[in-house]
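**Q** got a sequence here, can you model it:
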Amino acid sequence: MTHCPFKLTLGIATPFCLNSSLTLDGLLSYAVNRATGLRGVETIDHIPLASRDGIFLASSLFCHAGYQHINVGRVMKLRPDKDLSMQAFYPNGRNRKSYVAVDQKRGPYKANMDSYPGIAAREVYFWGVGDIEKIVGLIDDYVLGIGKRANAGAGEIIDIRCDEIDEDFSWMTAKGLPARPLPLSIWKEIGGKELESLDVAVTLPYWEVEAVKAVVPVGLVA
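**A** Numbering: from 1, shown residues only. The predicted model follows:
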């Protein structure tokens, strides 16, 4: 496997929703799960990224400075047996008692509408060290979008570019800031300046490993 430093850029068509930091290794772990059925720690050996001290050389997601926070409207899931029944929309029928009342206090059919906080950005990007061809292939074949509700169209990926670069920014950005969650001890070891630390998970699978004292990216702009 040929590993080299790279910058991966994804073109995004629709706003995405993130509740926490999204790392490239986390995204690729999802792709491996879709490709093989493996889950969590089982995906680690199949992720085409270099690692050191058990942590992948892969950054968190970043946006260009022009991104915006917006509220994204969506239609809640409808139940065909109730919400789309002809009887529900036939108030003049014989059995009027079965007519489903529509809550219009906040507007017509507002009961079936919802919204979520989204991030609107034309592009997002990651840094990493790994096999560019395999990384692009995994994302192109198995990842529809980024963030929550990607299966419903949020964060739709419409373009993938991965360029080999001369320097590795997967752990520390060019500005000397954390590019991903890193244990405080490793951050100091690589020459990072003193920063506030948080208790967060730093390795896959993030949802079940123990949190450690770590530095994290301070925002979505590197």
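**Q** can you pull the buried residues of the helix or strand V124 falls within?
**A** Element membership of V124 [criterion: DSSP states H and E] is strand 123-130. Buried residues in strand 123-130, defined by neighbour count with 16 or more other CB atoms under 10 Å: 124-130. For every residue, glycine as well, the C-beta is placed using N, CA and C.
**Q** for I157, name its beta-bridge partners.
**A** Note on I157: beta-bridge partners by DSSP bridges are I12.
**Q** please report how far it lies from E189.
**A** Distance, I157 to E189, by CB to CB, to the nearest Å: 34 Å.
**Q** how about D166?
**A** For D166, the distance to E189 - CB to CB - is 22 Å.
**Q** before we move on, the earlier item: ok, the buried residues of strand 123-130 vs T36, which is closest?
**A** Using CB to CB, G130 comes nearest to T36 of the buried residues of strand 123-130, at 17.6 Å.
**Q** now the strand holding V124: average pLDDT?
**A** Strand 123-130 carries an average pLDDT of 98.
**Q** can you give me how far that strand is from the chain middle?
**A** With CA atoms, centre = their mean, to the nearest Å as the basis, strand 123-130 stands 13 Å off its chain's centre.
**Q** helices and strands around that strand, which ones?
**A** Judged by 3 or more CB pairs under 8 Å, 6 or more residues apart in numbering; DSSP states H and E, strand 123-130 is in contact with strand 4-12, helix 24-36, strand 62-63.
**Q** next, format those as TSV and append mean neighbour count and mean pLDDT.
**A** Below are the helices and strands packed on strand 123-130 laid out as TSV (neighbours: other CB atoms under 10 Å; pLDDT from 0 to 100):
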stretch	mean neighbour count	mean pLDDT
strand 4-12	20	98
helix 24-36	20	97
strand 62-63	20	96
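**Q** right, so of these, which gets closest to D45?
**A** Closest approach to D45 among these (CB to CB): helix 24-36, 9.2 Å.
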